[in-house]
Each structure stands twice: as structure tokens, then as C-alpha cells.
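K.L.:
pasting the structure only:
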């Protein structure tokens, strides 16, 4: 059995220097805490609520920055792809290629990612029942790739709100692939600020602890040294400095749950 | 700060002997585990899906059985009331009087319970936002009663399904009263078997662990020595024998979470 | 086949004079438009969001007022009951006794109403799938009463919001009893004003027209000469003066739909 | 004011002959009934539930077939695009280019379509509040294109189910662009058949009538001569032969509603 992994980083690459310093902080912290770590950052936020919002440095410059950080820090990198023409080159640099939630039904994107990526991270769509993720898995497997992660990130619940149905975690785990809990997007309030999504950062620790207690294989968190000034998803990003305490309690809960004899029902 | 309390028992009184033996088992188990315990059993299931279903021994006989068990075993007792004429006498026997979820908007019932009951347990309706529980609390307080418990039991999510929004637990706790997580009714599938509600017993341990990790003051569980033969809510009742392991992990998680420095966000 | 009936009146009896004048206006209007009419007013709003809110004149005075209006104006009367001790006497005066939505699972209330009432109007709970209304119907039938109306009034949709699933109307009609569309409560925003429910009066005409086009047996509307000053449910009550135009278009749509050959699918 | 338009055709091009004969039937029917008509067919179902499902003839062959039908029958054509590299050529043939619901947040796709398309049809995502469509409209307008249609197609409601919130139609119309009601996808049961979406064809006439009564600018319907044998979305496609009766009642309701003086609320 694998220990719980942390996938973390800023929502988007704001600049190389800031991105690298976040990565370095996370690398050191997780090394110290003995937590396997994958660095996450997007180079292009292709589906912002508003067309006016900051999107990132774009593919060319972004993948270059990620490649440089990977080489320098010797850490595995995850990022998400939105356009077919990016997939092949992205997969050369990235250790994990992520299928965005809104795109988790796009067959071509999935199979192309499956073909090129080392590992595929499927984000479950907000509109999808957990048992329907099996069809996405099948699309990935159809290209002979079985290095799959599945990420829970909340489900549509009325308007401008998401709810995490924690029953989904054991349902998703039955598929036999590692299940990641994305706390950051689970507390998004989609479109909740008119021209941007809102978020409930204060709810992240509660949901993270709940997920660890239910049982997960990994945790996905967007972090920022100063979320109030973040160029994307600030309201639901965690302060970097709050991470050590949060990871501490997560490890404790995770250890306890893994030791539990599976309860007779 | 109070330790986590367990409210548990069979969904309904099936007969005095069986009810007493469940109570005794729970008393001994919780004493051994050093968990404060309140025994729960209903005398009348007044809102079964079908009019044909077993409802219990009725008020007179039921309250007599509960009184006898209370005297013999020296344990506090919780039960729910559905009719005004029951309230005063029920409150003489019961330590905690419970407002059923479907009735949580019935002003008269709430204020009469508030007037007579030692402690009032408000079950949040399936149709209610967590912040709207404040109005129910006000109704109880208006009778000078501030011994209040608030119970989370899931929220309507499409048809024949409930979801637990774990963000509700910290929201409810802000009101300043102990918050109980009712795992049994949270995994109900309302009306899901045509003429009876279904349930997902296998999900109870996951949600119980999640609730403990988020932070609660108490746990509500319906249990039965043989849920397959239970006369009410069998599909979501726990096997008595699975309780010790479940309480063990709950205690461990609860301890860890209480020790946590509240995370800087 | 029966023509479309209108059930209308103020949310609550504010005083005898005002209530009578609304009833008279509605009687004259519907006579002129050749629409069968049942007058609706509540004597006690037993489940207001806040315990401080106006509830009405109470049972004794309220039923007296309704009886007087019935005698004077020779119109059938509908009202809702919340307490067992009211049922028998209420049923002597009322032509239709209504089971409130929150109480549609309370078996005793339903069977006692069934036993005494001329006609029973079942309001489908906000938490209930349309196919589960069959169980309520069975409870009514178990007392030998088959004079049943079923009322659609919206379904929980996230927090503080309801949605009308218009698929429910044909599903409910399959049961063989007249189906009423309650536009007023369908546009309620439960708890949406903190200590009172909000409402979207401006949406009433749209949903009323939709219901008539889908096919219904009756329409339920709360009206007020000055909704801004109404003591209950003002935000979703219609201005009395807007009723003639609305009923005109409803009649036109209803006529068209009834003439339609049922479409081959 | 423009008359109500019909957008209709098969879900996917199965073969040229069948597609052309459906188009011809629809052209003749709508000419006879004096209904403006746009022919709809997809060349590539890029987001089928299962990767094994039939997707269509593909872009090259599909756009050729649509071009031929357009030239021969002199009818405007709508189809949907999923990949950037298709947009420019698709827009040369198509009169209306459709943004799929799952892709309605993909900024690049939207602005590229806006740049090239004569008319852009935005399908509102199942995960989106109606007032958030304004952000998509802004993305289209940012390329100087204001020939916009907005299509309602239902909203996530629990798992494997959608609900149409008919309040969305007037909300969407406030934006000032024609609003289309897509009855076919509104009755989809997403993923409801395990490896394919189910559907409720029998609900289409009800929802279509409701939409016409609420007030729309156009109707979107997928049709098939034999839906039981359709290669895509059969369960929610209409029998071609049921269309005349359905359009008849829609026209009648639409006429009545347009003549209505807007009701004073």
C-alpha cells in the first residue's frame, strides 16, 4: 500500500520566480514530513468564468517554466491540458497529465492524453455520478494506459454551489485506482462572484480531514503565499503557511484509518 | 469541553426484552470505552413511507418501556414526539426530547417541547439550509430553554437520495450548541424501496469517520442485533457487533482533531 | 372531463372583512370567467420560518370566519390543518382539507383527515419524488376516502431554493386523481430572507402558463390586494388585480391543450 | 418580433441518404406550417458516455454531407464543434455554430467560434446558473459577434438526472438574445444506462408545451424515423411522425402567449 500523496501548488503560474519558490517550499516541507509530493501548476486557465480574467503565461512559456522547475528541483509535475495540440509536448515534460473536470467527457482528449501521458489524472465532472467515472477509465484503458488517478472535486448542488458527497470516495476506490481529493475546487462557489467563482477557504481544513478519515490515496490543494492577491482562485486557495498544521492532522487521521480493521457491517 | 457522546439504540421498540438487551449492551460497551451514552428508541414511527408498515408499541406502552429501562439501567433516554398530547408526559420520562426532521418547522410542537423537555434535540430538515436552523433555535429559546442539541441528517439531493454536506457541521456549531451527526438517517434512500425507504449501511462507517474528523459533539446511530430482520430502517441500521470497532476509530479521530491547533487559514 | 378549477385566496386570514372582500372578488371574477372556484385561506400558519411571525387568528376564530364566508357567499372552502384536535371540526366546515407539505409523511394526520374530510388535498413534500406520492394516496384510501387532490409545489434544489420539475405533473396524474399546481409556493425561496421565506412573484405567470400547457386539473394561487403589506408570503403572492389577465391566458392554453390529440411518441 | 424557429434533425449523421431524407421531411413540414427552420445534425459525437459508442462520420465527411444538404435543400444548417482545428472550415458551411454544453466555459473555443461563425448557439452547461450565461455572452461579444442564440437544456439534479428550471427562460431572455429550448437533451438521463445516457422521450411533449407557454424564441428537437434503432440518443429522440401534432400545439400556445398583454405583477 502506498502512502498518501500530496499534489499541490499555485492555481496558475504567475511568474517563474514565484512558482519556483512555492515549489521549493513544498518540496522541503513534504520531504521533512515524509509525504510523497507532486507539484501542480497550470500554464493556461482556459475556462475562467470571464474572458477578461488572467489566464497564465500560455503553453510555450508555461511548459518551459514547469520543465525548468522539474529539472532543478527534481520533483514530479502535474498540469492540465485543454487543447489537443498541447498534449504530446506537455506529456514529455509532465509526470501527470490532468483531464479538466469540464472536459472529462471529451473522448478524443482523453484517449490522446492516455496515449502520451505517463499518468492520467481524471477529474470527475461536477455533473457526473461517481459510478459513471468507470466509462472514462475505460476510455483511458482503451489506449493501453492503466496509470490512472481519479479526482473528486464536488458535485453541482443547486446554483452557484457544490457539495462533496463523501460516499463517492469509496465508490471511486472500487475501480481499483488511486483516488485523490481536491479540496480546493470542492469549496469553489462556481460563478459566485458574478464574473469570477467564489470560494470558501475556511472550509478546506474540514473537508480535507473528512476525506482523510473516509480514506483517500492523495490530496490535491492549491496554495499561495498570499491568496488575497492570487491571480486565480484566491478565495479557495490555502495560505502556504497553514499547510504544515493541516498536513500534520491529515497524516494522523490517515495513519489511524489505515490501521483500522475494516469494520464488519 | 465535553467528550463526544453516543446516542444509539434501535430505530423502534420492537419488544421490551429486545430493547432492554440492546440498551444493556450499549451501556456496558460505552462504559468500558468511557463514552457518555444516551439510549435512543422510538415508540411510534409516525411517518413511515407506507401506512402498512410497523409503527411500534404506541405512546402508552412505549413510554412505559422506556421508563422501565431508564430506571433499571440508570441511563439517559432520548425519543421523538409527533403529537402535542404526548409531549408533557414524554418529557417526564425522557432526558432528551427529539423534534423529528419533517416537523422541524412546526412552531407549536417546538415551543411545547421547549417548555417541557430537559433537553431538546432539533433534527435539521432534509429541506433546510444549515444557517436556517437558527430560526428553530430561537423558537426553543423563546420558552427559556437553552439546553439544545442540533442534529445533521443529510439534505435532499435529487430524488430518493440524500447527501451530507459536511460544511454544515462547522456552520451549525457556530450557533453555540452541541452538534450531533446522525449517520443512520444520512444514508437513508428516502422512499427508495417503493413502499419503504432504502439505506446504505455500508456507507455508515465512512460518514461517521468523516464527521468525527470534521468535528462533532456527538454521534447518533441506530443499531440492531440483526438489521436484516429489523422492523424499521433495517437497511441503514448497523449490526450491534460492528459498533466497538467503529467507536474505536471514532475516538481516535476525535482525539486527534480536538488536539489540533485550529489551523490558520 | 372536469374543467380547470381555481383554488385561490390570501395566504392567511388577516381579518374577516379583508378576507371576505377577497373571497367576493374571486367569486365574482371566476363566475364571470366560468371557472370553478374554491376559496383558500389559512387560519393558522403553524410553520412560519420565525416564531415571531404573524400566524393568523387561530383555529376557533379562523374556522368561524371561514364558516361565515362559506354561508354568505356560497362558495366551497379549503384550508390546511396542523393539529389532530382541529381535524374533526375543521372538516365540518371545510369542503377540502389540506395536508401541508411538511406534514405529508405524518400517517396519523393523513388518516384522520381522510376519515373526516370531504375532499383531501395532499401537498407533495419538497423532499419527495413524485412517484412516492402513491404511498400517501394509499394512506388516504385506507380510510375509504377516494376524493383526493394532489398538489405540486416544487422540490428542494440546493439551499434556499425550489425548482418545479414539470415532469412531475404527468407522473402524478397517472395516479388517477386531479393534480393541482401551486404556483405561489413553487416560487418560494425557503428561508431566503433570513427570518422569513422570500419569493419570486414575477415568476408566477411563467410557471402558471407552463403548468397549464403541461396539463393540470387545477391551479392554486395566493393573492392579496396589496402583497407588499401582506402579513404572510407577500413576496410570492399575486396582486389581485393581475389575476384576470393571468386566468385568461391560462384558460386559452388549457383549452388548446385539452383539444390536442395526445401525441404519438 | 421574430416567429418561433425550429431547430431539428437527427442527433448524428448516420449516413448521407438518411440524413438528407430527414432534412427534406422537416423542410417540407415546416414550410407547410410556416415555421422558420434550421437543420441540425452532428458529424462527431465527441463526448459519448462510452468510448465504444458510434460517433458519426467525422469532420471531413460530415461537413461535406452537411454542405451538400444545404446546397440541395437551401436550408440553414446548425452543427456543433469540439476541436479548434474544425472551427474555421465548419463556420464556412454552417449557418449556426453550436458551443456544446460541456464546453461552454472553454474561452478559446468560444472566442474562435465567435470570430468565424455567422451565428453562435451557446448551450448552457448542466452545471451553470442561468445568470452566469452572461459571462459566455461577453466572451462572444468580445470578438465583435452579437448574433447569439442561448439554449436551455436542463440542469444537474442529483445523480443521473436533469431538471428544467423554467424560471431560467425569462432570466436568459433578459440578456436580449433569442432563447432556444432544447427538449431532447433536457430529458436525457445522463449516464443512466450504464454505458450510455438514457432518456425520457415521453416527457418531450410536456416540456415543449411548457417552454412555449413560458415564452421562447425557438425549439430544438432531435428526431429520427425510428428512434429505437438510432445510433445516438435514441431514448430521447422523437419519432419524426409525432412532430406535426407537436408543432401544431406549440404554434397555438406560442400564438396565445405572444398576444397576451404582459401581466401586471
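P.N.:
The structure has been received and is ready for your questions. Note that the structure is a prediction, hence the values are computed from the model and not measured. Numbering: from 1, shown residues only, chains lettered A, B, ... in the order given.

K.L.:
which residues sit in contact with residue A:233?
P.N.:
Shown in contact with residue A:233 (CB atoms under 8 Å, 6 or more residues apart in numbering or on different chains): A:11-12, A:184, A:188, A:197, A:199, A:222. (Glycine included, C-beta is placed from N, CA and C.)

K.L.:
Please disregard the earlier target; I meant residue A:97.
P.N.:
Neighbours of residue A:97 in contact, by CB under 8 Å, 6+ apart: A:78-81, A:87, A:90-91, A:113, A:116-121.

K.L.:
ok, 10 Å please
P.N.:
A:77-81, A:86-87, A:90-91, A:112-114, A:116-121 (CB atoms under 10 Å, 6 or more residues apart in numbering or on different chains).

K.L.:
What of residue A:16?
P.N.:
Here residue A:16 is in contact with A:57, A:61-62, A:64-66, A:68-69 (CB under 10 Å, 6+ apart).

K.L.:
Most neighbours among those, please name it.
P.N.:
When neighbours are counted by other CB atoms under 10 Å in any protein chain shown, residue A:66 leads the contacts of residue A:16 with 26 neighbours.

K.L.:
pLDDT weak spots in chain A?
P.N.:
A:261-265 (pLDDT under 70).

K.L.:
can I assume residue A:3 sits in a strand?
P.N.:
No - looking at residue A:3 with DSSP: H, G, I helix; E, B strand; the rest coil, it is coil, so not inside a strand.

K.L.:
Isn't it up against residue A:219?
P.N.:
No - the pair residue A:3 / residue A:219 is not scored as a contact, 11.4 Å apart, by CB atoms under 10 Å.

K.L.:
Quick one: name the residues of chain A near chain C.
P.N.:
When proximity is defined by CB under 10 Å from any CB of the partner chain, chain A lies next to chain C at A:156-163.

K.L.:
ok, and the closest non-adjacent residue to residue A:250?
P.N.:
Computed as CB to CB, 6 or more residues apart in numbering or on different chains, the closest residue to residue A:250 that is not its neighbour in sequence is residue A:212, at 4.7 Å.

K.L.:
Can you get me a residue count around the one you found?
P.N.:
26.

K.L.:
Repeat that for residue A:228.
P.N.:
Neighbour count of residue A:228, defined by other CB under 10 Å: 10.

K.L.:
about what we covered before: what sits against the residue nearest to residue A:250?
P.N.:
If you count contacts by CB under 10 Å, 6+ apart, residue A:212 has them with A:4, A:181, A:219, A:249-258, B:209-210, B:213, B:253.

K.L.:
Could you do residue A:30 as well?
P.N.:
In this structure, residue A:30 makes contact with A:5-6, A:8, A:36-39, A:75, A:243, A:247, judged by CB under 10 Å, 6+ apart.

K.L.:
Could you do residue A:1 as well?
P.N.:
Each residue near residue A:1 by CB under 10 Å, 6+ apart is listed here: A:217, A:258.

K.L.:
Skipping its backbone neighbours, what lies nearest the residue in chain A that chain C sits nearest to in space?
P.N.:
In chain A, the residue that lies nearest chain C is residue A:158 (1.3 Å; CB to the nearest CB). Ranked by CB to CB, 6+ apart and with sequence neighbours excluded, the top spatial neighbour of residue A:158 is residue C:158, at 1.3 Å.

K.L.:
From residue D:242, how far out is the one you found?
P.N.:
Look at residue C:158 and residue D:242: by CB to CB, to the nearest Å, they are 35 Å apart.

K.L.:
The two: who's more crowded?
P.N.:
Each of residue C:158 and residue D:242 has its neighbours counted (other CB under 10 Å); residue C:158 has more, 22 against 17.

K.L.:
Just the strands from chain A, written as ranges.
P.N.:
Along chain A, the segments classed as strands by DSSP state E run A:5-9, A:37-40, A:77-80, A:96-99, A:119-123, A:148-152, A:155-156, A:162-163, A:179-182, A:188-189, A:198-199, A:218-224, A:238-239.
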